[in-house]
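Colleague: Sequence and predicted structure, then a few things I'm wondering about:
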Amino acid sequence: MSPALGVHVGQQNMTMPEMRKLWKDLDEARVDWISAWDHFYEAPPANGTQDHFEALTTLGALAADTQHARLGCLVFYVGYRNPASLAKAAATLDHISQGRFELGLGAGWHNQEARAYGYDFPSIGTRLDMLEEAAILIRQMLTTDRSSFTGRHFTTVDAANQPKPLQSRMPIWIGGLGEKKTLRIVAQHADGWNAAYVSQDQFKQLNQTLNQWCIKLDRDPTSIKRSVNLSFNLALTDKDIKREKNRIVKEWGPAADRITSGALLCKPEAAIEKLLEYHHLGADMINIAIRAPYHEEALSAYLEQVIPAVKAATS
C-alpha cells in the first residue's frame, strides 16, 4: 500500500491570503494530508519576532477551504488548552471539514513561547503525565455521552460534547520520540504516532520500540499508524543544496544536526529513494514540513515528480 504523503504547513512568515492559497493548491494537487503546528511563536524560536498565526483558528479556515485532504495539527501541546475544550474544538473542526479532521497531541517543547504567554512549563515527566491524562479524557469526550474524569491535572464532571464528530472514531495521534514513556502512551492510547525530524536509522529504532510496547501491552502493532515529518529542503541544484544547508544551520543553531538528519535535503531523484526507505521502514504517512519562505519551484517538483513516483513505486 502506498504511503500517505502530506504537507505540514507552518503558519508563519506568510499572510493569511498567501497561506490559504497554498493549502488550496495543495488540496487541488491531492496531497493526502495538510496540517498546522501548535505554536504562538515561530519555530525555530526567534523570540516572537516573526509573524505567526494561532493553530485552532487557522485550522478552522483550513477545514473550510479544502475538500479532499485529511487535516490535523501535529501536535497540540496539552498544556495550552483544557483537553475537554480541545475535544469540543476537534468535534467542531470535524463537522467543518465534513469528517476529515484528526487530532494530534504532544507534550510540548517550545518553552520560550510558554513563558512569554504565562503558561507553566513543567518538567518533561509532568508534561508526559498531562499528555496521558489528556488522551484518556479526550477519547471519553469524543466517544461517550458524558465524561467524568478525575486526574492529577485535568477533570471533567458529567461533561457532554454534542454533537459528536462525524467520524465514528476520530483518530488521535501522539507525537514524540521518548522510548520509555511517550511510546508506551502511544501504545496504550493512540491511533497513530508521529515522529518529527528523525533519520531513517532513528525512525527504524523508534518504530521497533513502539512495536515492543504494543506486544507488552497486548495490542496489535498494526493497529497504530506511523508517520514521520521531514523538514522540506528539497533542492534542484548543488547550489540550492548548499543554500538549504546554510539555512538550517542559521535557523536552528545547536539543533541543526538533528534537523538535517530528518530533512529532505536533496534533489528530487534522491528524495524519491529517501521517502521509499522511510515507507519500507514502516512509515504509513510522510509529511514535508514547510517553513516560509520556501522554494516554489522545489515544491512544484515535489508535487509533480516526487509524489507520483513514490505512489507508482508502492501501488
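Modeller: Looks like it came in fine. The structure displayed is predicted, hence computed values, not measured ones. Numbers count the residues shown, from 1 in each chain.

Colleague: what are the ranges of the strands in this protein?
Modeller: Remark: strands assigned in the chain by DSSP state E are 4-9, 33-36, 70-73, 76-77, 101-106, 147-150, 155-159, 172-175, 192-196, 225-232, 263-264, 285-290.

Colleague: Which helix runs longest in the chain?
Modeller: Looking across the chain with DSSP state H, the single longest helix is helix 124-143.

Colleague: Any buried residues in it, and which?
Modeller: For helix 124-143, the neighbour count (16 or more other C-beta atoms under 10 Å) marks 124, 127-142 as buried. C-beta here means a position set from N, CA and C on the backbone, and glycine is covered the same way.

Colleague: do stretch 29-36 as well
Modeller: Going by neighbour count (16+ other C-beta under 10 Å), the buried part of stretch 29-36 is 29, 31, 32, 33, 34, 35, 36.

Colleague: Pairing partners for the fourth one in the sheet, please.
Modeller: When bridges are assigned using DSSP bridges, the partners listed for residue 33 are residue 6, residue 70.

Colleague: could you list every residue that touches it?
Modeller: Taking C-beta atoms under 8 Å, 6 or more residues apart in numbering, we find residue 33 in contact with 4, 5, 6, 7, 69, 70, 71, 72, 285, 287.

Colleague: What of the first one?
Modeller: Residue 29 makes contact with 303, 307, according to C-beta under 8 Å, 6+ apart.

Colleague: circling back to that earlier point, need the strands of the chain in TSV with mean pLDDT, can you?
Modeller: Below are the strands of the chain laid out as TSV (pLDDT from 0 to 100):
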stretch	mean pLDDT
strand 4-9	98
strand 33-36	98
strand 70-73	98
strand 76-77	98
strand 101-106	98
strand 147-150	97
strand 155-159	98
strand 172-175	98
strand 192-196	98
strand 225-232	98
strand 263-264	98
strand 285-290	98
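
Colleague: So which of the ones you listed is nearest residue 84?
Modeller: strand 155-159 (5.1 Å; C-beta to C-beta).

Colleague: now what about that closest one, what contacts it?
Modeller: 84, 137, 140, 141, 146, 147, 148, 149.

Colleague: Distance of the one residue sitting closest to the centre of the chain relative to residue 229?
Modeller: Nearest residue to the geometric centre of the chain (C-alpha atoms, centre = their mean): residue 74, 2.3 Å. Residue 74 is 6 Å from residue 229, where distance means C-beta to C-beta, to the nearest Å.

Colleague: Spit out the residues that contact these two alike.
Modeller: 8, 194, 196, 287.

Colleague: pretty sure the third one contacts residue 228?
Modeller: Meaning residue 196. Yes. The pair formed by residue 196 and residue 228 meets the contact definition of C-beta atoms under 8 Å, at 7.5 Å.

Colleague: So for these two, which sits in the more crowded spot?
Modeller: residue 228 (28 against 23; other C-beta atoms under 10 Å).

Colleague: how about residue 310, what does it touch?
Modeller: By C-beta under 8 Å, 6+ apart, the contact set of residue 310 is 2, 3, 5, 272, 275, 276, 279.

Colleague: 6 Å - rerun?
Modeller: 272, 275 (C-beta atoms under 6 Å, 6 or more residues apart in numbering).

Colleague: Same question for residue 53.
Modeller: Neighbouring residues of residue 53 by C-beta under 6 Å, 6+ apart: residue 11.

Colleague: How about residue 127: what's its closest non-neighbour residue?
Modeller: Among residues not flanking residue 127 along the chain, residue 107 sits closest, at 4.1 Å (C-beta to C-beta, 6 or more residues apart in numbering).

Colleague: any idea how far residue 140 is from the one you found?
Modeller: With distances taken as C-beta to C-beta, residue 107 is found 20 Å from residue 140.

Colleague: do residue 234 as well
Modeller: On the measure of C-beta to C-beta, residue 234 and residue 140 end up 42 Å apart.

Colleague: Residue 33 too?
Modeller: Using C-beta to C-beta, residue 33 is found at 26 Å from residue 140.

Colleague: can you check residue 3 too?
Modeller: The value you get for residue 3 to residue 140, if C-beta to C-beta is used, is 31 Å.

Colleague: do residue 170 as well
Modeller: Distance from residue 170 to residue 140, by C-beta to C-beta: 12 Å.

Colleague: What backbone torsions are found at the nearest residue to residue 111 once chain neighbours are set aside?
Modeller: Excluding its sequence neighbours, the residue lying closest to residue 111 (C-beta to C-beta, 6+ apart) is residue 121, at 4.6 Å. Backbone torsions for residue 121, taken as degrees, to the nearest 10, come to phi -130, psi 80.
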